[in-house]
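J.: Sequence unavailable; structure follows:
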């Protein structure tokens, strides 16, 4: 879950080390202290810590555009943003979010008698359900027209 780290505590410690201004020699000295020998870490040197951190997938790249304003300003304003498609790719490929993301329309009922339907998001609505049913019927009809021997 905290790949490439062994636990949440190790991830927090590694994050602190990576964000600190300690040199690689200072990190090696810290990791070689006698008290650190009793702490179960999956890395034992600054080089190994850095190598593990570099295996992590990169996030979306930040872009910057200078805005042209109608009125004079002391400094030109800058707009920082990320490519929305890259952001979606990162979110959709994130292993912790994988079980929470679904693009399959579904019907959620209040009871087994299927009397009352619950609408809590777009994919549980009638429009998404009808699109799925109609598209599959059109596809089957098109398939039968193209290849009548099926």
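T.: Looks like it came in fine. For clarity, every value in this text was computed on a predicted model and none was experimentally measured.
J.: helices and strands of this protein: which one has the lowest mean pLDDT?
T.: helix 126-146 (a mean of 62; mean pLDDT, DSSP states H and E).
J.: right, and residue 86 touches residue 58 too?
T.: No: contact criterion Cβ atoms under 8 Å: residue 86 and residue 58 do not qualify, at 9.6 Å. Every residue, glycine included, has its C-beta placed from N, CA and C.
J.: Counting neighbours, go ahead and name the busier of those two.
T.: Legend: neighbour count by other Cβ atoms under 10 Å for residue 86 and residue 58, higher for residue 86 (14 against 8).
J.: For the closest residue in space to residue 25 that isn't next to it in sequence, which residues are in contact?
T.: Closest residue in space to residue 25, ignoring its immediate chain neighbours: residue 46 at 7.6 Å, by Cβ to Cβ, 6 or more residues apart in numbering. Residue 46 makes contact with 17, 24, 25, 27, 28, 31, according to Cβ atoms under 8 Å, 6 or more residues apart in numbering.
J.: Apply 10 Å and report the result again.
T.: By Cβ atoms under 10 Å, 6 or more residues apart in numbering, the contact list for residue 46 reads 17, 18, 22, 23, 24, 25, 26, 27, 28, 29, 30, 31.
J.: Next one: it from residue 9, what distance?
T.: Taking Cβ to Cβ, to the nearest Å as the measure, residue 46 falls 19 Å from residue 9.
J.: do residue 120 as well
T.: Relative to residue 9, and taking Cβ to Cβ, residue 120 is found at 36 Å.
J.: Could you check which of those two is surrounded by more residues?
T.: Set residue 120 next to residue 9 and count neighbours by other Cβ under 10 Å: residue 9 wins out with 13 against 8.
J.: Could you verify my assumption that the more buried one touches residue 42?
T.: No: using Cβ atoms under 10 Å, residue 9 is not in contact with residue 42; the gap is 11.4 Å.
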